[in-house]
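Novice: sequence first, predicted model second:
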Amino acid sequence: MPAFRYYRLMAFDELREDYNGNALRKEECASDPKEQFQRWFDQALQQKVEMANAMTLATVDAEGAPQVRIVLLKELDSHGFVFYTNYDSAKGKELQANKRVSLLFYWYAMHRQIRIEGVVSKVDGRTSDEYFATRPRESNIAAIASAQSEVLASREELLSQIAAVKERVGNAELIRPKTGVAIEWCLMRLSFGKDNPIVPMTALSIK
Ligand SMILES: Cc1cc2nc3c(=O)[nH]c(=O)nc-3n(C[C@H](O)[C@H](O)[C@H](O)COP(=O)(O)O)c2cc1C
């Protein structure tokens, strides 16, 4: 195996971008953080930012170590930010043990990030059922077949699990796996930032 090549600072110099003229000003921000989120989210959608609903979810595991991964925002209502996951996944177990979480949206094309801190709770079964019903059948079969976060010996193992579920269910209506649930967010704090040298990313925090 070739030796690992280290990336020194110089190697990233050509990635540097000019953020001048892109400053975040407090007077331009809505006093209600939810409204501010909506403004920026709408702008991201209008500007067709790719996967604007992708967000990094940080949880804390049993040893106190932070764990992060991407999940997709599926609903945003008066209760908060809703995404769907599997209760038996690593994150599902972590969330049941410690409800405190952090979320990060990063929209590269706009040089913007939004950080959210909150606590999670489950949405009701009916909402989860409704969401399950909107998903493509293939995705739901895969969700029934796969044990999220479990290590698989090979891709073939997953494909054969999916094939077995397909054969078992035939054309019958799919039943949402008990573990296929949604988690709802109670908003604690939102902070907004653009990465630019004039207003540091952490300069503005709206509570
Ligand atoms: C673009 C993208 C979107 C994803 N969306 C979700 C999601 O909405 N829900 C989810 O449970 N996992 C989603 N995943 C997979 C998670 O990032 C993660 O790999 C998986 O849920 C297992 O995480 P865990 O072991 O920390 O529980 C997504 C992955 C990617 C790359």
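Specialist: Structure's in. What do you need?
Novice: give me the low-pLDDT residue ranges for the protein?
Specialist: Confidence mapping of the chain against pLDDT under 70 gives the ranges 18-25, 78-79, 148, 178-207.
Novice: list the beta-bridge partners for Q113.
Specialist: Judged by DSSP bridges, the bridge partners of Q113 are Y106, G193.
Novice: correct me, but it touches Y106?
Specialist: Yes - at 4.7 Å, Q113 counts as touching Y106 under the criterion of CB atoms under 8 Å. Bear in mind the C-beta positions are built from the backbone N, C-alpha and C, glycine included.
Novice: between the two, which has more neighbouring residues?
Specialist: Counted by other CB atoms under 10 Å, Q113 and Y106 do not tie: Q113 has more neighbours, with 18 against 15.
Novice: how far away is that one from the ligand?
Specialist: 17 Å (CB to the nearest ligand atom, to the nearest Å).
Novice: helices of this protein, start to end?
Specialist: Ranges of helices in the chain, per DSSP state H, are 33-46, 90-97, 125-134, 137-145, 155-169.
Novice: just the buried residues of the last one, please?
Specialist: If I follow you right, that is helix 155-169. 158, 161-162, 165 (16 or more other CB atoms under 10 Å).
Novice: hmm, that helix touching the ligand?
Specialist: No - using CB under 6 Å from any ligand atom, helix 155-169 never reaches the ligand; the gap is at least 13.3 Å.
Novice: interface residues of this protein facing the ligand?
Specialist: Residues of the chain that fall close to the ligand, judged by CB under 6 Å from any ligand atom: 54, 67, 69-72, 83-86, 89-91, 148-149.
Novice: try 8 Å this time
Specialist: Contacts of the chain with the ligand, taken as CB under 8 Å from any ligand atom, map to 51, 54, 57, 59, 67, 69-72, 74, 83-86, 89-92, 94, 148-149.
Novice: so how do I select the buried members of these in PyMOL?
Specialist: Of these, the buried ones can be selected in PyMOL as follows, counting by 16+ other CB under 10 Å:
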select buried, resi 57+59+71+74+83+84+85+86+89+91+92+94
